[in-house]
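Engineer: structure for the following, please:
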Amino acid sequence: MVGPGTRSKGGKKVSNGTTLHTAEFLIQPGESNPLQADAGLLCDSAGIILAIGQAHELRSKSDVTVHHQILMPGVVNCHAHLTDAGIAKPVGGGEGLVRWVQGLLASRGTAQPEEIFQQQVRAVLRQMMERGTVAVGEVANNFRTIPAIAETGIRCRFMHELLGFPENRAHQVMLATLTGQQRAELPSTIFYTLAAHAPYSVSPPLMKLIQQKNAQQGTFTFQHLAEDPDERLLYQEAAGPWREFLERIGGWEPTWEAFGVPPIEFYDRMGLIDGNFVGVHLADATEREIALMASRGARAILSPASNLHITGKFPDVMAMVRHGLQFGFGTDGRGSNPSIDVFDEAAMVLERFPNLPAGILLKALTIHGAEILQFSDLGKLTVGQASSLLSVAVNGSPNDLRGVEQAVVMDAVGRQLQA
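Structural biologist: Numbering: from 1, shown residues only. Sure, this is the predicted structure:
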């Protein structure tokens, strides 16, 4: 008798193109029961999920079976600076963000042949993909990395980062950006959004223009925020290293006056902190500021490896969880982080906060990261959708969500995306 997963031809059993993936544990982030043991996931030849259930109940549906130790959605790298893909060694850190930025700019001073640059970007992206990354948030001031991103085929939220601290340049910067955007042709795998660089490099009028344009397009506004304490000094006292830096490069706003409050509170007063706002880093954010952002429905992207290298600070992840601030992970750029693997970011958080609620880091790596980049079909496993499956082999035999999460984040011996 021929099973429902096959057809008879000349007395031989012929596959109908379906594949059954079985796993000791299937991770479904965002579900009320995110961990299923002895699970099965049935896919058609196009990778569309046909059914999810117990492995023994689905075996008769297909004659092709692939077994995994742990199966989960592919992960999302929410924040990367691929412009710096060719930096072999991180720029020296430990002396604050301003000094590091100066070093980074100096490291970018040597021009490279375009083909070499594109090769470097492709190489970094392929390394990400080999480690289970299925989508990336690329942050850049120009479109130079787009050809390499397009060639790899990875899904990308391209954050076109604007700069302009003098207030009288805001409309000029926006007009030039929109004109340039019209000239850029993006493939179907790359999705464009405007981004603001940071409080010390983007004027309040330019911030408003960016948010307004993104609201019209239905996209989030991303910004480096609370990355180091010097931001506070600039907004509270109109003083400190950032003022000195801006004056030195001719980017200071002569009419700038201290607001007496740090950037997060200032932006909130402007109405900028809302459900469409994503703050990147938050390494220097206080619990009160974290609670404020959470209450407004904002989100966060964390890059702890970069923070520790540049300033020695670490985001208060426990406060974020306590107040319900949703976050994803990003590896930032190679100027501050040699790793391109978001699992390394999650491992650093787990080491620092071992008592986080079980499953929170798996959600940050997958479904929350996908939501932050506005890719609703990624980061989860859903019947009827094509999902990128990540097969993970780990040391030991975990038996609950906390154990599986720790094993996936800390003790993986192999990860492979399934075609």
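Engineer: just the helices in the stretch 101-250 of the chain please.
Structural biologist: 114-130, 146-152, 170-183, 204-217, 230-237, 241-249 (DSSP state H, counting those that start in this stretch).
Engineer: which of the ones you listed has the lowest average pLDDT?
Structural biologist: Ranked by mean pLDDT, the helices of the stretch 101-250 of the chain end with helix 170-183 at the bottom, a mean of 85.
Engineer: can I get the CA coordinates of that helix in PDB?
Structural biologist: C-alpha atoms of helix 170-183 as PDB (Å, rounded to 0.1, in the frame of the first residue of the first chain):
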ATOM      1  CA  ALA A 170      17.900  69.500   8.300                       C
ATOM      2  CA  HIS A 171      15.800  70.100   5.200                       C
ATOM      3  CA  GLN A 172      18.900  70.100   2.900                       C
ATOM      4  CA  VAL A 173      20.000  66.700   4.300                       C
ATOM      5  CA  MET A 174      16.500  65.200   3.800                       C
ATOM      6  CA  LEU A 175      16.100  66.500   0.300                       C
ATOM      7  CA  ALA A 176      19.500  65.200  -0.800                       C
ATOM      8  CA  THR A 177      18.700  61.800   0.800                       C
ATOM      9  CA  LEU A 178      15.400  61.400  -0.900                       C
ATOM     10  CA  THR A 179      16.900  62.400  -4.300                       C
ATOM     11  CA  GLY A 180      19.600  59.800  -3.800                       C
ATOM     12  CA  GLN A 181      17.000  57.200  -2.800                       C
ATOM     13  CA  GLN A 182      15.100  57.700  -6.000                       C
ATOM     14  CA  ARG A 183      18.300  56.900  -7.900                       C
END
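Engineer: tell me the buried residues in it?
Structural biologist: Neighbour counts using 16 or more other Cβ atoms under 10 Å place 170, 173, 174, 177 of helix 170-183 among the buried residues. Using the backbone N, CA and C atoms, a C-beta is placed for each residue, glycine as well.
Engineer: if we can go back for a sec, which of the helices of the stretch 101-250 of the chain sits closest to residue 374?
Structural biologist: helix 204-217 (10.6 Å; Cβ to Cβ).
Engineer: by contact count, what packs against that closest one?
Structural biologist: helix 170-183, strand 190-196, strand 221-225, helix 263-270 (3 or more Cβ pairs under 8 Å, 6 or more residues apart in numbering; DSSP states H and E).
Engineer: want to throw the ones you listed into JSON lines with distance to residue 410?
Structural biologist: What follows is those, written out as JSON lines (distance: least, Cβ to Cβ, whole Å):
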{"stretch": "helix 170-183", "distance to residue 410": "42"}
{"stretch": "strand 190-196", "distance to residue 410": "32"}
{"stretch": "strand 221-225", "distance to residue 410": "28"}
{"stretch": "helix 263-270", "distance to residue 410": "32"}
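Engineer: quick check: closest non-adjacent residue to residue 360.
Structural biologist: residue 321 (5.9 Å; Cβ to Cβ, 6 or more residues apart in numbering).
Engineer: name the element that neighbour belongs to?
Structural biologist: helix 317-323 (DSSP states H and E).
Engineer: returning to what we had before: which ones are touching the residue nearest to residue 360?
Structural biologist: 356, 357, 360 (Cβ atoms under 8 Å, 6 or more residues apart in numbering).
Engineer: kindly provide the distance from it to residue 174.
Structural biologist: Per Cβ to Cβ, to the nearest Å, residue 321 is found 36 Å from residue 174.
Engineer: the stretch 301-419 of the chain: strands as residue ranges?
Structural biologist: Applying DSSP state E, counting those that start in this stretch to the stretch 301-419 of the chain gives strands spanning 326-329, 332-333, 389-394, 412-418.
Engineer: so residue 87 sits in a helix?
Structural biologist: No. When DSSP: H, G, I helix; E, B strand; the rest coil is applied, residue 87 is found to be coil, with no helix at that position.
Engineer: now it, nearest residue through space, not along the chain?
Structural biologist: residue 334 (4.4 Å).
Engineer: how many neighbours does that neighbour have?
Structural biologist: 25 (other Cβ atoms under 10 Å).
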